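> no FASTA, just this:
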């Protein structure tokens, strides 16, 4: 069952708040799987974390400014580079890259590549249900049936240039990175908290990796 109980120990899951959007839906998703998560809006709050979840919303430049104004930018970069668990969601995936066309803005520079706007005849934003094709098995997708779709809403996509990071792709006009991962880092372009039971299972799998 997707909603199986998971073993809970002293895990402190921090959900990054940089001042854009309601993060309660992500927090509630973790509560549904039996895991407490707290919303962190300061660097000192992040210090308490076992793992960081970054469900970005809004624009790329706005997010980078928000992180910098809260003195979180260098903390997150250091957190990731020193091997601590990190899960990005939607914009939280895109911010890991080096650069975005949205506002001609630099990102966190963790993942090689750039964020680009969808072009072509397809409707923008890409909003609704779509599937993810994995390039290889991944712990976050253990016992997750990828024939089931996930929920997306975004106008920009990540073009990852180092294929070692690229773990899942989705088709929307062109193929784009919908899931990336390497060592301590995972990130989804889709919203697990809006994807029903399969999304909750993905969050549960993330907790199990800690």
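Cool, got the structure. All of these numbers come straight from a predicted model, not from anything done at the bench.

> And the strands in the chain, which stretches?
13-16, 37-40, 51-56, 86-90, 97-100, 105-106, 111-117, 126-130, 133-134, 150-154, 156-160, 166-172, 174-182, 185-188 (DSSP state E).

> strand partners of the fourth one, parallel vs antiparallel please.
Right, the one you point to is strand 86-90. Strand pairing for strand 86-90, determined by DSSP bridges: strand 51-56 (parallel), strand 185-188 (parallel).

> what about the residue sitting furthest away from the middle of the chain, distance to residue 174?
Distance from the centre of the chain peaks at residue 121, with 26.7 Å (C-alpha atoms, centre = their mean). Distance of residue 121 to residue 174, computed by C-beta to C-beta, to the nearest Å: 11 Å. To be clear about C-beta, it is placed using only N, CA and C from the backbone, and glycine gets the same treatment.

> How about residue 210?
34 Å.

> ok, now residue 43?
From residue 43 over to residue 174 (counting by C-beta to C-beta), the distance is 38 Å.

> Now the lengthiest helix in the chain: buried residues?
Secondary structure of the chain per DSSP state H: the longest helix is helix 196-208. Of all the residues in helix 196-208, those buried under the rule 16 or more other C-beta atoms under 10 Å are 198-207.

> Show me what it packs onto, helices and strands only.
Helix 196-208 sits against helix 24-32, strand 150-154, with contacts defined as 3 or more C-beta pairs under 8 Å, 6 or more residues apart in numbering; DSSP states H and E.

> Tell me who's in contact with the closest residue in space to residue 109 that isn't next to it in sequence.
Nearest non-adjacent residue to residue 109, counting by C-beta to C-beta, 6 or more residues apart in numbering: residue 98, 5.0 Å away. With contact set as C-beta atoms under 8 Å, 6 or more residues apart in numbering, residue 98 has these partners: 106-107, 109, 111-114.

> So residue 107 sits against residue 60, correct?
Yes. Counting by C-beta atoms under 8 Å, residue 60 is a contact partner of residue 107 at 7.2 Å.

> quick one, which of those two is more surrounded?
residue 60 (23 against 20; other C-beta atoms under 10 Å).

> ok, that one to residue 204 distance?
Where residue 204 is concerned, residue 60 sits at a distance of 29 Å (C-beta to C-beta).
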